[in-house]
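# need coordinates for the below:
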Amino acid sequence: MREPASARKLREVLEKFDTPERRRFQIDGEPWQWTRQEFERAKEACSEVVDRWSRAVWVEPDSRLEDLQRCYASAHLHPLLWFALKPSIWVYRGVPRRCKDAALRVGDWVALDRAYAAEHGGVRCRVLRTRVPTQDIVWAGTDSNEYFYAPRGLESTSSDMHRVIVTWAVQQGLAVPERVLRDYPDLA
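Numbering: from 1, shown residues only. A predicted model of the protein is given here:
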């Protein structure tokens, strides 16, 4: 049986990104713990961590939960969105049971509905429930059930994403390694 053209095209795209360099590249931690050089290597390797953080840094205007009610017709919004008038909200994230550190991370996909998160977490997943400030939730722009966790103050229009992340980490009082701050003497 011949492979359908769409499946062949998808396989070709995936093979392009599944390079030996990407498979060899492994780095632990979060981008604010990496040097600029390590961050650039992670970007080149199509790191999932860099992708996750980019969702929190480059936030679309008017996509924060608190702004959605005035920008979009109610038919396009999740019914639970009307609770967004509260200062904090429960969000849910489905994660595999084998996931050791299952804390909510910057840029993670989240749902406002537990059942939706469970449905997208995989077979026999566990569902994390976390209360976060309403202002830290951003609509993904895909489905009315899909959002990102993007702490306010992290978003930027700057193309220097690593600097934005390190600056935010310093402002949050996180322990940014000295070797990282050498790239940004003005932040030390």
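# A188 and P177 touch, don't they?
No. Using CB atoms under 8 Å as the test, A188 is too far from P177 to be in contact (11.2 Å). Just so you know, the C-beta spots here come from the backbone N, C-alpha and C atoms, and that holds for glycine as well.
# where does W32 land in three-state SS?
helix (DSSP: H, G, I helix; E, B strand; the rest coil).
# and the nearest residue to it once chain neighbours are set aside, which helix or strand is it part of?
Excluding its sequence neighbours, the residue lying closest to W32 (CB to CB, 6 or more residues apart in numbering) is A169, at 3.6 Å. Under DSSP states H and E, the secondary-structure element containing A169 is helix 161-171.
# okay, which residue is most central for the chain?
Per CA atoms, centre = their mean, the C-alpha nearest to the average position across the chain is that of G107, at 1.8 Å.
# returning to that earlier point: looking at the residue nearest to W32 now. What's its pLDDT?
Confidence at A169, expressed as pLDDT, is 90.
# circling back to that earlier point, what sits up against the helix or strand that the helix holding A169 is followed by?
Moving toward the C-terminus from helix 161-171, the next helix or strand (DSSP H and E) is helix 178-181. Identification of contacts with helix 178-181 by CB atoms under 8 Å, 6 or more residues apart in numbering yields W32, Q33, W34, T35, R36, V166, V170, L187, A188.
# thanks again, I'm all set now.
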